[in-house]
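>>> need the 3D shape of this:
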Amino acid sequence: MNKKTKPSRREMLTETPIPQLIIKLSIPTIISMLVTALYNSADTYFVGKISTEATAAVGLVFSVMAIIQALGFFFGHGSGNYLSRMLGAEKYKEANDMASTGFFSALIAGVIVAAVGNILVEPISTLIGATESTMADTEIYMRIILIGAPFMMGQFVINNQLRFQGNAMYAMIGLMFGAVINVFLDPLLILVFDMGVAGAAIATVGGQFTSFIVLLIGSMRGENIHIRLKNVHINMHFVKEINNGGAPSLLRQGLAAASTLLLNNFAGKYGGTAAIAGMSIVTRVMLMMISALIGFGQGYQPVCSFNYGAGLKNRVKEGYFFCVRWGFIFLMAVGLICFAFAPGIVGWFRDDAEVIKVGSYALRCQASVICLSSPIVITNMMLQSMGRGLKASILASARNGIFFIPLILVLPQILGLTGVQITQTCSDILTFFLTIPMAISEIRRLK
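Numbering: from 1, shown residues only. Predicted structure coming up:
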């Protein structure tokens, strides 16, 4: 890293007015998160032109993709949080070593996931809820997606490391390249070359590989922390720090995969293939909405971790309230739109009366409480960025684990398909009430 550039990055993160700084960093990250959601939605949209069974199959494999993403965020957030605090404390060698260790650890994990997943693809398909009508499409789609696991995990690591250095713009550009490739290949392979779900999977992996290469090249240039094999140190210190900063992300994303798996299974049990397709569409739509909030919060994360490492706690607190306030307002507006136009939104993905009926009700339920996600997500990110691993992990586990899993096991038994449709809504409300005391206790510590 060029010594002349160190003060400029530090001054930007510690002296720029908080609203201006967060907006500057969050615009690229919001776009990055929406691009990630676009990866997950493009296949659903174009596969929806084939059949309800194909739509259901892509929805089922989403839980596997969520696990791969969870591992990518584990290494990305774990290494990124730590290197940002080290940059704030002006410990540049520590930051460089962590960046390299986190990246190569993710690549190794990705290769293992790809190999083991392809060997066990048939039992995994059964586990995630594939039926006789969806089994073939599920296995085809999953095999190809698993091949892309190392690239997906690697690109998430580099993307997050760039963000935590304050270079959110190039992180966004890297993902944008992949998104363009994905959206271009989807209609070409699915509709023109009639490759079905295999074409959708190839388009997704092609986009991920493109992002991986672009981000890797960008991380080697300019004032960024540089990834080098010689800087890899897989020791207890780095393992502990990656786990401390990454465990909340792993739990959050991993439990999202588990909740999706359970949701699909119970939707299929109480409503059949149409219900699986409908709930899968709602999951993708809500993910896109929440992605904008997560992008906003990720603009706050480097501000939080860097300033906390530099001892500027008032800036940490100011940034927290700024993000919670504007995130709440944004999601309130988004929720009203989704509630009002729910049938049209679901129908845009799959023009099937039963799919629209199931999906519309579930979308309206979730849209009515989506604004609560603002304090939930931002509080979780603040705890994670300050190294409060235990608190952050508990809160990250709540929405899709601690509350969701018992609810999805109980509510459908009482209310049938309606219980499936309202489970996420009830879980969000309970998570909000858990968030409040955690946020208050941490804000008091910052005074």
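>>> residues in contact with stretch 317-328?
18-19, 21-22, 293, 296-297, 299-300, 303-304, 307, 371, 373-375, 377-379, 382, 443, 446-447 (C-beta atoms under 8 Å, 6 or more residues apart in numbering). Using the backbone N, CA and C atoms, a C-beta is placed for each residue, glycine as well.
>>> make a ChimeraX selection of the buried ones in the residues you listed.
Isolation of the buried members of these (16 or more other C-beta atoms under 10 Å) is achieved in ChimeraX through the command below:
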select :18,21,22,293,296,297,299,300,303,304,307,371,373,374,375,377,378,379,382
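>>> what is the helix or strand hosting residue 377 packed up against?
Following DSSP states H and E, the helix or strand that holds residue 377 is helix 373-385. Where contact means 3 or more C-beta pairs under 8 Å, 6 or more residues apart in numbering; DSSP states H and E, helix 373-385 is packed against helix 52-88, helix 236-309, helix 313-340, helix 389-397, helix 417-445.
>>> dump those helices into a markdown table; add distance to residue 352 and mean pLDDT as well.
A markdown table is the format used below for those (distance: least, C-beta to C-beta, whole Å; pLDDT from 0 to 100):
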| stretch | distance to residue 352 | mean pLDDT |
| --- | --- | --- |
| helix 52-88 | 6 | 85 |
| helix 236-309 | 6 | 84 |
| helix 313-340 | 19 | 94 |
| helix 389-397 | 34 | 86 |
| helix 417-445 | 16 | 94 |
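>>> of those, which is nearest residue 354?
Each of the helices and strands packed on helix 373-385 was checked against residue 354 via C-beta to C-beta, and the shortest separation belongs to helix 236-309, namely 3.9 Å.
>>> tell me the angle the closest one makes with helix 373-385.
Taking axes from the mean of the first three to the mean of the last three C-alpha atoms, to 10 degrees, one finds helix 236-309 and helix 373-385 inclined to each other by 120 degrees.
>>> check the offset of helix 236-309 from the chain's centre.
In terms of C-alpha atoms, centre = their mean, to the nearest Å, the centre of helix 236-309 is found 5 Å from the chain centre.
>>> helix 417-445 and that one, what's the angle between them?
When the same axes, to 10 degrees is applied, the directions of helix 236-309 and helix 417-445 differ by 70 degrees.
>>> which parts of the stretch 101-250 of the chain are helices?
Listed from the start of the chain, the stretch 101-250 of the chain has helices (DSSP state H, counting those that start in this stretch) covering 121-127, 135-147, 149-164, 168-187, 196-219, 236-309.
>>> may I see those arranged in TSV, with distance to residue 405 as well?
Compiled in TSV, the helices of the stretch 101-250 of the chain are given as follows (distance: least, C-beta to C-beta, whole Å):
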stretch	distance to residue 405
helix 121-127	16
helix 135-147	23
helix 149-164	25
helix 168-187	31
helix 196-219	28
helix 236-309	7
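>>> which of those helices sits closest to residue 63?
Closest approach to residue 63 among the helices of the stretch 101-250 of the chain is made by helix 236-309 (4.2 Å; C-beta to C-beta).
>>> ok, residues contacting stretch 376-383?
Taking C-beta under 8 Å, 6+ apart as the criterion, the residues outside stretch 376-383 that touch it are 248, 252, 290, 293-294, 297-298, 300-301, 304, 316, 320, 323-324, 327, 391-392, 395-396, 398-399, 428, 431-432, 435, 438-439, 442.
>>> what mean pLDDT does it have?
The predicted model assigns stretch 376-383 a mean pLDDT of 93.
>>> hang on, the earlier thing: need the winner for burial among the helices and strands packed on helix 373-385.
Each of the helices and strands packed on helix 373-385 was given a mean neighbour count from mean count of other C-beta atoms under 10 Å, and the largest, a mean of 27, is that of helix 52-88.
>>> quick one, it and helix 149-164 angle?
40 degrees.
>>> how far is helix 52-88 from where the chain is centred?
Between the mean C-alpha position of helix 52-88 and that of its chain there is a distance of 5 Å (C-alpha atoms, centre = their mean).
>>> what helices or strands is that helix leaning on?
In terms of contact count using 3+ C-beta pairs under 8 Å, 6+ apart, helix 52-88 is assigned the packing partners helix 6-15, helix 18-47, helix 92-119, helix 135-147, helix 149-164, helix 196-219, helix 236-309, helix 373-385.
>>> count the neighbours of residue 48 for me.
Applying the criterion other C-beta atoms under 10 Å, we find 21 residues in the vicinity of residue 48.
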